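Asks: One predicted model, sequence on top.
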Amino acid sequence: MSAEEPVTDLYDLRVVVERIEGRSVCGLQPGDHIDLTESNRLRIPTGKHFCLYALAACLPLLPAKQRPLPPGDWLARDCHVACPDPDERVILRIERTGRRQIPTGELT
């Protein structure tokens with residue numbers, strides 16, 4: 001990365017199952033998580049799984065949560081997402097775990 005090359009600041013994220021208010025049909029447990037790093041790399045811990053529908057509920061917010069937000073932006077404060085399954089009522093929390101600079105030309 002050269003000094004003149006433009007870079008984009010992005011946060012790495014963790015999506016954590018904070019609580020389950022109904023019955024867990026998909027098998028998730030509180031504390032289960034996925035990590036999103038380096039802009040687009042999704043990782044699930046070895047031996048674990050993650051519910052496709054819970055993930056789908058988070059996907060629209062992840063690109064915005066990856067970026068620095070101006071002070072007072074509501075999205076910087078809000079970090080909870082509910083899975084759309086009304087029987088499970090899985091509550092997920094999106095956490096920022098690190099910040100990195102990625103050469104803008106390497107991003108899609």
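Replies: Cool, got the structure. Remember, it's a predicted structure, so these values are computed and weren't measured experimentally.
Asks: Run the chain-centre distance for the lowest-mean-pLDDT helix or strand in the chain.
Replies: Here the helix or strand of the chain ranked lowest by mean pLDDT, DSSP states H and E is helix 74-77, holding a mean of 89. Mean-position distance between helix 74-77 and its chain equals 14 Å (CA atoms, centre = their mean, to the nearest Å).
Asks: buried set for it?
Replies: By neighbour count with 16 or more other CB atoms under 10 Å, helix 74-77 contains no buried residues. Using the backbone N, CA and C atoms, a C-beta is placed for each residue, glycine as well.
Asks: Would you mind pulling up the elements that it packs against?
Replies: Contacting helix 74-77 under the criterion 3 or more CB pairs under 8 Å, 6 or more residues apart in numbering; DSSP states H and E is no other helix or strand.
Asks: which parts of the helix or strand just after it are buried?
Replies: Sequence-wise, the next helix or strand downstream of helix 74-77 (DSSP states H and E) is strand 80-82. When neighbours are counted by 16+ other CB under 10 Å, the buried residues of strand 80-82 are found to be Val81.
Asks: So in that sheet, which strands flank strand 80-82, and in what orientation?
Replies: Counting by DSSP bridges, the strands paired with strand 80-82 are strand 90-103 (antiparallel).
Asks: residue contacts, Leu75?
Replies: For Leu75, the contact set (CB atoms under 8 Å, 6 or more residues apart in numbering) comprises 61, 64-65, 69.
Asks: Do I have it right that Ile20 meets Gly31?
Replies: No: Ile20 is beyond contact range of Gly31, at 10.7 Å (criterion: CB atoms under 8 Å).
Asks: Output stretch 9-20 as PDB, nothing but the C-alphas.
Replies: Taking Å, rounded to 0.1, in the frame of the first residue of the first chain, the C-alpha atoms of stretch 9-20 are listed here in PDB:
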ATOM      1  CA  ASP A   9     -11.600   2.500   6.500                       C
ATOM      2  CA  LEU A  10     -13.800  -0.400   7.400                       C
ATOM      3  CA  TYR A  11     -14.700  -2.100  10.600                       C
ATOM      4  CA  ASP A  12     -14.600  -5.900  11.100                       C
ATOM      5  CA  LEU A  13     -17.900  -7.100  12.500                       C
ATOM      6  CA  ARG A  14     -19.200  -9.900  14.700                       C
ATOM      7  CA  VAL A  15     -22.800 -10.900  14.700                       C
ATOM      8  CA  VAL A  16     -23.700 -12.500  18.000                       C
ATOM      9  CA  VAL A  17     -26.800 -14.300  19.100                       C
ATOM     10  CA  GLU A  18     -27.600 -12.200  22.200                       C
ATOM     11  CA  ARG A  19     -30.700 -14.000  23.300                       C
ATOM     12  CA  ILE A  20     -33.500 -16.300  22.200                       C
END
